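> when you get a sec, could you give me coordinates for this:
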Amino acid sequence: MKVEWRAAFQVAAVYIGTVVGAGFATGREIVEFFSRFGLYGLFGIFVAGYLLILLGSQLLRTAAIIGAKSYEEFNEYLFGRFFGKLVNIIMFFMLVGVGAVMLSGAGAVFDEQLGLSKTIGVVFTLALTALVMAVGMKGIFAVNVFVVPAMILFNFILLYLSMKLPGISEAVLVRDRNAEWWKVLFSPVSYTAFNLSLAQAVLVPVASEIRNDKTLKWGGILGGLGLTVILIFSHLTMVMLPNLEDYEIPMAVIMKNLAPGLYWLFLLIIYGEIFTSIIGNMFGLDRQMQGYMKVPRLLTVGGIFVATYIISMFDYGLLLSYLYPIFGYISIIFVVCLLMKPVPKR
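Just a heads-up that it's a prediction; the model follows:
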């Protein structure tokens, strides 16, 4: 079985695009889990990167081999039928919560950066999401294949410009002496667990379509490597921003300061990354709802949109700082079970 490299890069793009959501693209998620810890945060990124490569590849390959078509089936394989159903219920509420955070992040882009109403941003994003969901999995592939390389390029540009600033070496080496040790230790694990447990809503259906084991293996490896590179670039850039925890979209603030000529294009890329994750999130929720209720998709999608819209009206930074760490700790059991179950033989 040969590696289909074109498909492997597509899988990697979907993997990256699903994980790089509102918190990641805006920088808030990286600040919350890594950058606020300074040098300790950089070490944490290397740990998270290793786990993203190892477990992302394992998740894709296992899903294809066991023939899982949805994350519900995958969780039942990991946890058993009874506990799998319980985990799926928890996953459903996590997906709703994260979908709301992402929508709130899209609204924050319109509010903080464009000076428009947050409600306009949320409604506009929901309308675009409905259009892409109507196309199906091909629409998800198409959006990610364009947006992900652009995101990596712009992160590299920001890093290059940051490296030319005075004091970059001192900023990177700073250690947060007030950081609680248990948060420093658990952050990379909870970050990986949180993102992988939610990404399976898209990665499992992708694996069921590709099915080539070597292609999926390399798709996971390339996707994990890409995520690690973006994490490192973003972290090294953001440590140069004073009071970085005060901003809802720190990456846009940095771009505005370092390369104002590219600011609007970068803002579009940030929005594109938020959008790709919203699509994946809504797609997973819709699939789960369709499995529970035999009703027209218009009703399930409409119900999901209304629920996430209501929650998204809360402050974006507040939602992310509370919900993401909580979901991360809940998701650690997912990573433990994935590590304990090696890739099955065909």
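> could I get the CA-only coordinates of stretch 187-197 as CSV?
Extracted C-alpha coordinates of stretch 187-197, given in CSV (Å, rounded to 0.1, in the frame of the first residue of the first chain):
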residue,chain,number,x,y,z
SER,A,187,-1.1,22.5,30.0
PRO,A,188,0.5,20.6,27.1
VAL,A,189,-1.3,17.4,27.9
SER,A,190,-4.7,19.0,28.4
TYR,A,191,-4.2,21.2,25.3
THR,A,192,-3.5,18.1,23.1
ALA,A,193,-6.3,16.1,24.8
PHE,A,194,-8.8,18.9,24.3
ASN,A,195,-8.0,19.5,20.6
LEU,A,196,-7.8,15.8,19.6
SER,A,197,-11.0,14.8,21.4
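> that stretch: how far from the chain's middle?
From the chain centre to the centre of stretch 187-197 is a distance of 10 Å (CA atoms, centre = their mean, to the nearest Å).
> kindly report the same for stretch 217-230.
The chain centroid and the centroid of stretch 217-230 are separated by 13 Å under CA atoms, centre = their mean.
> ok, the closest residue in space to F305 that isn't next to it in sequence to I274 distance?
The shortest distance from F305 to any non-neighbouring residue, by CB to CB, 6 or more residues apart in numbering, is to L126 (5.3 Å). Backbone N, C-alpha and C define where each C-beta goes, glycine included. Going from L126 to I274 by CB to CB, to the nearest Å gives 12 Å.
> more neighbours: which of these two?
Regarding L126 and I274, a neighbour count based on other CB atoms under 10 Å identifies I274 as having more, with 29 against 20.
> can you tell me the SS state at the more buried one?
Three-state assignment for I274 (DSSP: H, G, I helix; E, B strand; the rest coil): helix.
> change the start of the numbering to 12 and stick with it
Sure, I'll start counting at 12 from here, so that last one is I285.
> wait, it touches M113, no?
Yes - shown here, I285 and M113 form a contact pair, counting by CB atoms under 8 Å, at 5.8 Å.
> can you pull the contacts of H246?
41, 45-46, 52-53, 56 (CB atoms under 8 Å, 6 or more residues apart in numbering).
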